[in-house]
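Asker: Let me see the structure of the following:
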Amino acid sequence: MRWIRFTADGRTAYGILEGDRIAEVAGDPFRGYDATPRRHDLGSVKIEVPVIPPTFYAAGLNYVEHVKEGAARRGETPNIPAKPDMGYRAANALIAHGETVIIPADATEKVHYEGEIVAVVGKKAKHLTEENALSCLLGWTIGNDVSERTWQKADRTFWRAKNSDTFKPMGPWIETDLDLDAAETIVRLNGEIRTRFHTNHMLFGVAKFIATMTRNITLHPGDVIWMGTDGVSPDLVSGDVVDIEITGIGHLTNTFKREEA
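Answerer: Coordinates of the predicted model:
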């Protein structure tokens, strides 16, 4: 099943995507819903961010090649994490599929994409084990963790490097039935494949992260967990189009535009 959040006729609602048609519901997949007779063509609606999360989590350095390639760029010895490490992002940075990422006027040229699978929490969870951790999930979507690397090095926190407005495209919908082991992440820049990796080839898997997190943190419906990326990104410039495909989910596509000074 694919849950889509969309705007049509001045109203924002949830629906179930069936091919290119949306069956609108009253309510949402987190608190409950009822069917309605309203139907929409996918091409006639504005796709919205699939959920505005109560808490926005992001795994750090969760693919070995990403760690190695980043270290090689800096001329450093790679430091492979020994345990799952979770951080936070800001909801102000979220934008939907098809919307524009604005590169701030004072940003350097070191603006990069990071194509990530996103786990969407469907029910309240605490003290889960790796064996039952995935039971709390509603499904999966796609994220682009845009990063300004110069700011990332300069600031003690990632407040602007990771959380500037528009720096977190997410969508286009939530897929509830995904074979994670079969999924592949493919990142295209202006139509050319630049990064390709097995989505589940993580240093620490989704279940490990959730089990570790819920020892101390209660997860709530609508929380999202971005699971990290592999590979490296070129420096992005105004006009670039980044398309992140995760097979079994779909495509998240956004154009980058530099803000005028």
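
Asker: For the helix or strand encompassing Arg5, buried residues please.
Answerer: Take DSSP states H and E as the rule and Arg5 turns out to sit in strand 2-8. Under the neighbour-count criterion of 16 or more other C-beta atoms under 10 Å, strand 2-8 has 2-6, 8 buried. No exception for glycine: its C-beta is placed from N, CA and C like everyone else's.

Asker: Now the element after it, going C-ward?
Answerer: That would be, after strand 2-8 and using DSSP H and E, strand 11-18.

Asker: Work out the sheet partners of that next one and label each with its direction, please.
Answerer: Strand partners for strand 11-18, identified by DSSP bridges, are recorded as strand 2-8 (antiparallel), strand 21-28 (antiparallel).

Asker: Distance from the chain centre to the shortest one, please.
Answerer: If I follow you right, that is strand 2-8. Mean-position distance between strand 2-8 and its chain equals 17 Å (C-alpha atoms, centre = their mean, to the nearest Å).

Asker: Average pLDDT for the strand holding Arg5, rounded please.
Answerer: In this model, strand 2-8 has a mean pLDDT of 98.

Asker: In PDB, please show the C-alpha coordinates belonging to that strand.
Answerer: Once side chains and other backbone atoms are set aside, the C-alpha atoms of strand 2-8 remain, and they are given as PDB (Å, rounded to 0.1, in the frame of the first residue of the first chain):
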ATOM      1  CA  ARG A   2       1.100   3.500  -0.800                       C
ATOM      2  CA  TRP A   3       0.000   6.400   1.500                       C
ATOM      3  CA  ILE A   4       0.200   9.800  -0.100                       C
ATOM      4  CA  ARG A   5      -0.300  13.200   1.400                       C
ATOM      5  CA  PHE A   6      -1.600  15.700  -1.200                       C
ATOM      6  CA  THR A   7      -3.400  19.000  -1.800                       C
ATOM      7  CA  ALA A   8      -6.300  19.300  -4.100                       C
END
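
Asker: what does it rub up against?
Answerer: Residues external to strand 2-8 that are found in contact with it (C-beta atoms under 8 Å, 6 or more residues apart in numbering): 12-17, 22, 24, 29, 40, 42, 44-51, 138-139, 172-176.

Asker: sorry, back to before: with respect to Ile246, which of the buried residues of strand 2-8 is nearest?
Answerer: Using C-beta to C-beta, Arg2 is the member of the buried residues of strand 2-8 that lies nearest Ile246, at 12.9 Å.

Asker: Roughly how far does the closest one sit from Lys68?
Answerer: As defined by C-beta to C-beta, to the nearest Å, Arg2 lies at a distance of 35 Å from Lys68.
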